[in-house]
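Participant: Model the following, please.
(chains A and B)
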Amino acid sequence: RKEVEQDPGPFNVPEGATVAFNCTYSNSASQSFFWYRQDCRKEPKLLMSVYSSGNEDGRFTAQLNRASQYISLLIRDSKLSDSATYLCVVTTRSFMNNNAGNMLTFGGGTRLMVKP
Amino acid sequence: DGGITQSPKYLFRKEGQNVTLSCEQNLNHDAMYWYRQDPGQGLRLIYYSQIVNDFQKGDIAEGYSVSREKKESFPLTVTSAQKNPTAFYLCASSMEGTDTQYFGPGTRLTVL
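Facilitator: As a prediction, the model looks like this:
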């Protein structure tokens, strides 16, 4: 089983639609959770962190369910510019002997295509 | 402007040749990372470095080598021992004590 699993899609939606992606992770000790956005042939860019209480940034809402070990991303009022691949990212293990940060494990990404 | 730069953007090499990919950051970040991305797949960690003159193997280090002589620089060498080197290579960095990583624009390596 992969450490972080996502439906690869593609999700084809019309402009203005609401779309939701889910992601499941296998390590119950995972500590931090993120959604990154990656445009075609570009680098991933941080979209938002995911907090236990859920958090919202404009049209984007992220939720975390620790009991079921899944993370969700909801996009409201989809724009053409939202077309991209969305990567679910979790921290899975710590560096040894210092506090430089946890290592990230990436899901394979979910591709979203917003059509006019 | 602060950020992470990678060069070159595209790189072609013949089988059996070693090649070095550059990664530089002026964010004053302590930790730096190299990932590989294959089509339709997630990023996989090759090497990481938490401080100067120290680095650790990631999940797929075989056939790669790195150095960290300066805080700002973390070059990756793809050696001839790497069986399937054609991929998109991404460098990232993060501040000490944080999990958020910031990525450079990537180098697309093709072995002919």
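Participant: C-alpha only now, for contacts and for neighbours.
Facilitator: Will do.
Participant: So A:Tyr86 sits against A:Cys40, correct?
Facilitator: No - counting by CA atoms under 8 Å, A:Tyr86 does not reach A:Cys40; the two are 11.0 Å apart.
Participant: ok, A:Cys23 - contacts?
Facilitator: By CA atoms under 8 Å, 6 or more residues apart in numbering or on different chains, the contact list for A:Cys23 reads A:4-7, A:70-72, A:88, A:107.
Participant: So in terms of bridging, what pairs with it?
Facilitator: Partner residues in beta bridges with A:Cys23, using DSSP bridges, are A:Gln6, A:Ile71.
Participant: How about the residues of chain B by chain A?
Facilitator: B:30-31, B:40-44, B:50, B:90, B:94-100, B:102-106 (CA under 8 Å from any CA of the partner chain).
Participant: and if we set it to 10 Å?
Facilitator: B:29-33, B:37-45, B:48-51, B:56, B:58, B:88-92, B:94-108 (CA under 10 Å from any CA of the partner chain).
Participant: so of those, which ones are in strands?
Facilitator: The strands, defined by DSSP state E, take in B:31-33, B:37, B:43-45, B:48-51, B:56, B:88-92, B:94, B:102-103, B:107-108 from those.
Participant: Share the number of residues neighbouring B:Leu43, please.
Facilitator: 24 (other CA atoms under 10 Å in any protein chain shown).
Participant: what does A:Lys2 give?
Facilitator: Number of residues near A:Lys2 (other CA under 10 Å) recorded here: 12.
Participant: you'd agree it is in a strand?
Facilitator: No - counting by DSSP: H, G, I helix; E, B strand; the rest coil, one finds A:Lys2 to be coil, located in no strand.
Participant: Make sure it is actually in contact with A:Thr24.
Facilitator: Yes - the pair A:Lys2 and A:Thr24 qualifies as a contact (CA atoms under 10 Å) at a distance of 9.3 Å.
Participant: Spatially nearest residue to residue 78 (excluding sequence neighbours)?
Facilitator: I'll assume chain A. Once flanking residues are discounted, A:Ser78 sits nearest to A:Gly16: 4.6 Å by CA to CA, 6 or more residues apart in numbering or on different chains.
Participant: wrong chain, I was asking about chain B
Facilitator: B:Tyr64 (4.9 Å).
Participant: B:Thr79 and chain A: what is the separation?
Facilitator: Look at B:Thr79 and chain A: by CA to the nearest CA, to the nearest Å, they are 23 Å apart.
Participant: just checking, B:Glu24 touches B:Leu76?
Facilitator: No - with contact defined as CA under 10 Å, B:Glu24 does not count as touching B:Leu76 (11.2 Å).
Participant: Report the set of residues contacting both of these two.
Facilitator: B:Cys91 (CA atoms under 10 Å, 6 or more residues apart in numbering or on different chains).
Participant: circling back to that earlier point, need the residues touching each of A:Lys2 and A:Thr24.
Facilitator: Between them, A:Lys2 and A:Thr24 share the contacting residues A:Gly107, judged by CA under 10 Å, 6+ apart.
Participant: Count the residues that sit near A:Arg111.
Facilitator: Look at A:Arg111: counted by other CA under 10 Å, it has 23 neighbours.
Participant: Buried residues in the helix or strand that contains it, which are they?
Facilitator: According to DSSP states H and E, A:Arg111 maps onto strand A:110-115. Neighbour counts using 16 or more other CA atoms under 10 Å in any protein chain shown place A:110-114 of strand A:110-115 among the buried residues.
Participant: before we move on, what about stretch A:16-28?
Facilitator: Neighbour-count burial for stretch A:16-28 [16+ other CA under 10 Å]: A:19, A:21-25.
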